[in-house]
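Peer 1: return a 3D structure for these sequence lines:
(4 chains)
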There are 2 protein chains.
Amino acid sequence: MRRSNEARSGAMRAALMAAGREIFVSAGFAAATTPAIVAAAGVTRGALYHHFTDKTALFEAVIRAEAGAVAAAIDAATVAPADPLEALRTGGRAFLQAMKAPGRARLLLVEGPAVLGPAAMAAIDAATGAATLRAGLAEAMAQGLLRPLPPDATAQVLSAGYDRAALAIAGGADVDAWVTVMDALLEGLATRR
Amino acid sequence: MRRSNEARSGAMRAALMAAGREIFVSAGFAAATTPAIVAAAGVTRGALYHHFTDKTALFEAVIRAEAGAVAAAIDAATVAPADPLEALRTGGRAFLQAMKAPGRARLLLVEGPAVLGPAAMAAIDAATGAATLRAGLAEAMAQGLLRPLPPDATAQVLSAGYDRAALAIAGGADVDAWVTVMDALLEGLATRR
DNA sequence: ATAACATACATACAGAATGTATGTAAATAA
DNA sequence: TTATTTACATACATTCTGTATGTATGTTAT
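Peer 2: Residues are numbered from 1 along each chain as shown, chains lettered A, B, ... in the order given. Sure, this is the predicted structure:
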């Protein structure tokens, strides 16, 4: 069985990331041991430390993949938005839907900020989805649909609300109540007619 | 020098919690080693493991103290509120003020949820401050000052916004922008007149 | 095609941290 | 005062992390 190095590396990285995701979710980053991870992948620690500088680097790769998946799901859901406000509501719902993936909320909202730091997580989010939210808000404000407010802080506060909703839903909470509240929040920020 | 066991234990627990807080803040829970903590307290690991079952138990004691301090600061600031809505705004500002204590935002909002879990942190918050916020919202809704919404989800979403604000401020952000946004959020949820 | 080299991965090792077990001194109880 | 519990220190066993080293497989050049 002869495989190119590129194919081998790609498959190995994917296998390590999948195993890492599994252990990180079930045990948390701190209790996720590298022996457990490589056992789940059916390899040795040599492979892990060949492809990733350390346990944190593997974790970061997993986080980036998760963040990318969420961003892709939101992008796919917000094609052809009627208006910026509707786009925000739709994007929010798509976010909550995407965050239902098992373990994803814990990875992106709890472990990630603790392990990589809030700043690094913000940078990852910015590279993926957060910029879209901020741009959507700014656009809605420019069109006079939303009250003029500091766009950065507004985007982050709304994002924090959606994050908390995602965590609650991951914990078994009812989706509808949270969608209701988030929609009310957005409507409250809309200009009066 | 003769001291009662109760006094000894109290002083030792306080010293360990102070040293733990210091190291947890500077290094994070994972990188905070028990040798470093007891060195900062000027004792040995024997004292630590006599008073706390493990490193996590010490951490939880520190977290509970921090949460209690925040709750006390909010309580002190919200004596004699004009109306429920004003109480919410005042409480929010007091929260942001209290969260300026160095390292507090990281402890309560980043490390705590990761180490103890979001559920345990919610329980700690509930025992301290979160119940007040929820009650304030419910009261404001009952008086017709706020739109009727699921009180739990609403309280958590607002709390998440204030949390994010506290983290941003801890990271050096300007307080005013965040107060503006949070006040706008509350005003948006108020009933129209 | 084969020698020379690089890449992929496994094995072996050194250091450090955690939690426990055990030992000693001080305080409380009998 | 003696007995017993409490407070703390020291010593130990286990386990994990990251690195160093070794081997096999793939790639490049002559």
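Peer 1: quick check: the residue of chain A nearest DNA strand C.
Peer 2: Ranking the residues of chain A by distance to DNA strand C (CB to the nearest atom of the strand) places A:Gly46 first, at 1.8 Å. From N, CA and C alone the C-beta is placed, and that goes for glycine too.
Peer 1: now the helix or strand harbouring that residue: buried residues?
Peer 2: Counting by DSSP states H and E, the element that carries A:Gly46 is helix A:45-51. Of the residues in helix A:45-51, those with enough neighbours to count as buried (16 or more other CB atoms under 10 Å in any protein chain shown) are A:Ala47, A:Leu48, A:His51.
Peer 1: turn those residues into CSV, including distance to chain B and pLDDT.
Peer 2: CSV is the format used below for those (distance: CB to the nearest CB, whole Å; pLDDT from 0 to 100):
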residue, distance to chain B, pLDDT
A:Ala47, 24, 97
A:Leu48, 19, 97
A:His51, 22, 97
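Peer 1: would you mind listing what in chain A touches DNA strand D?
Peer 2: Proximity of chain A to DNA strand D, by CB under 7 Å from any atom of the strand, involves residues A:1-6, A:8, A:32-36, A:45-46, A:49, A:53-56.
Peer 1: now these: which count as buried?
Peer 2: If you count burial by 16+ other CB under 10 Å, the buried members of those come out as A:Ala32, A:Thr34, A:Ala36, A:Lys55.
Peer 1: isn't the last one up against A:Ala36?
Peer 2: Which is A:Lys55. No - the pair A:Lys55 and A:Ala36 does not pass the contact test of CB atoms under 8 Å, sitting 11.0 Å apart.
Peer 1: ok, the residue in chain A that chain B sits nearest to - how many residues close by?
Peer 2: Among all residues of chain A, A:Gly188 sits closest to chain B, at 2.2 Å; criterion: CB to the nearest CB. The tally of other residues near A:Gly188 (other CB atoms under 10 Å in any protein chain shown) stands at 17.
Peer 1: before we move on, what SS does A:Pro81 have?
Peer 2: Following DSSP: H, G, I helix; E, B strand; the rest coil, we place A:Pro81 in the coil state.
Peer 1: ok, the residue nearest to it when sequence neighbours are not counted to A:Gln143 distance?
Peer 2: Nearest-residue entry for A:Pro81: A:Ala87, 3.3 Å, with adjacent residues in sequence omitted and distances by CB to CB, 6 or more residues apart in numbering or on different chains. Relative to A:Gln143, A:Ala87 is positioned 11 Å away (criterion: CB to CB, to the nearest Å).
Peer 1: how about the contacts made by A:Arg89?
Peer 2: When contacts are counted by CB atoms under 8 Å, 6 or more residues apart in numbering or on different chains, A:Arg89 is found next to A:Asp183, A:Leu186.
Peer 1: helix, strand or coil for it?
Peer 2: Counting by three-state DSSP, the three-state call for A:Arg89 is helix.
Peer 1: just the pLDDT at A:Arg8, thanks.
Peer 2: According to the prediction, A:Arg8 has pLDDT 88.
Peer 1: and the angle for whichever strand or helix holds it with helix B:5-31?
Peer 2: Here A:Arg8 sits within helix A:5-31, counting by DSSP H and E. Here helix A:5-31 runs at 170 degrees with respect to helix B:5-31, directions being taken by axes from the mean of the first three to the mean of the last three CA atoms, to 10 degrees.
Peer 1: do helix A:5-31 and chain B come into contact?
Peer 2: Yes - for a cut-off given as CB under 8 Å from any CB of the partner chain, helix A:5-31 has contacts with chain B, namely A:Gly28, A:Phe29, A:Ala30.
Peer 1: now that helix: how far from the chain's centre is it?
Peer 2: Its chain's C-alpha centre lies 17 Å from the corresponding centre of helix A:5-31 when counted by CA atoms, centre = their mean, to the nearest Å.
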